[in-house]
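[1] Here's a sequence, model it:
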Amino acid sequence: EGDRVVCFDFLPVEPTRPETVVRMVLNLPTRGETRERQFRRGRKARDCWDLEGEAPNTHEANLARAREFSDTYCTSISLLGNNCETYA
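    Numbering: from 1, shown residues only. Okay, the predicted model is just below:
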């Protein structure tokens, strides 16, 4: 909070490895991982989503919900199936 924002994303474990690229192009599942990173506020983000729902809407509660979602998310990633867009 304050001058920092927390970002979550989902990507292949070794995205530049030739085997990973081939599997992704062929739409075959490969190992993925969720990441949590902090950035300075004001950094231009590509896309942002707000956490919504009936849970308490505080920064701490939202971070806890996002972390729980990421910790239990299926990390088998494929280009047209389970990918960064379905994660978001």
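[2] Tell me, how many residues neighbour Pro29?
    Residues near Pro29, counting by other C-beta atoms under 10 Å, number 15. (Glycine included, C-beta is placed from N, CA and C.)
[3] ranges for the helices of this protein?
    18-25, 59-72, 84-87 (DSSP state H).
[4] so where's the chain uncertain?
    Applying pLDDT under 70 to the chain flags residues 1-3, 42-56.
[5] which residue is nearest the middle of it?
    Geometric centre of the chain, nearest residue: Asp9, 2.0 Å, by C-alpha atoms, centre = their mean.
[6] before we move on, the earlier item: rebuild the helices of the chain as TSV, extending it with mean neighbour count and distance to Arg41.
    Below are the helices of the chain laid out as TSV (neighbours: other C-beta atoms under 10 Å; distance: least, C-beta to C-beta, whole Å):
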stretch	mean neighbour count	distance to Arg41
helix 18-25	13	32
helix 59-72	13	12
helix 84-87	13	23
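[7] Please dump those into a markdown table; it should also carry distance to Glu33 for every row.
    Shown next, in a markdown table, are the helices of the chain (distance: least, C-beta to C-beta, whole Å):
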| stretch | distance to Glu33 |
| --- | --- |
| helix 18-25 | 12 |
| helix 59-72 | 9 |
| helix 84-87 | 11 |
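[8] Quick one: closest of those to Arg37.
    Across these, the minimum distance to Arg37, taken as C-beta to C-beta, is reached by helix 59-72, at 11.7 Å.
[9] Show me what that closest one is packed against.
    Judged by 3 or more C-beta pairs under 8 Å, 6 or more residues apart in numbering; DSSP states H and E, helix 59-72 is in contact with strand 4-12, strand 30-40.
[10] among these, which is the most enclosed?
    strand 4-12 (a mean of 16; mean count of other C-beta atoms under 10 Å).
[11] and the angle from that one to helix 59-72?
    10 degrees (axes from the mean of the first three to the mean of the last three C-alpha atoms, to 10 degrees).
[12] which other residues reach strand 4-12?
    Outside strand 4-12, the residues that touch it by C-beta atoms under 8 Å, 6 or more residues apart in numbering are 20, 24, 30-41, 43, 45, 63, 66, 70, 73, 75, 77, 83-84, 87-88.
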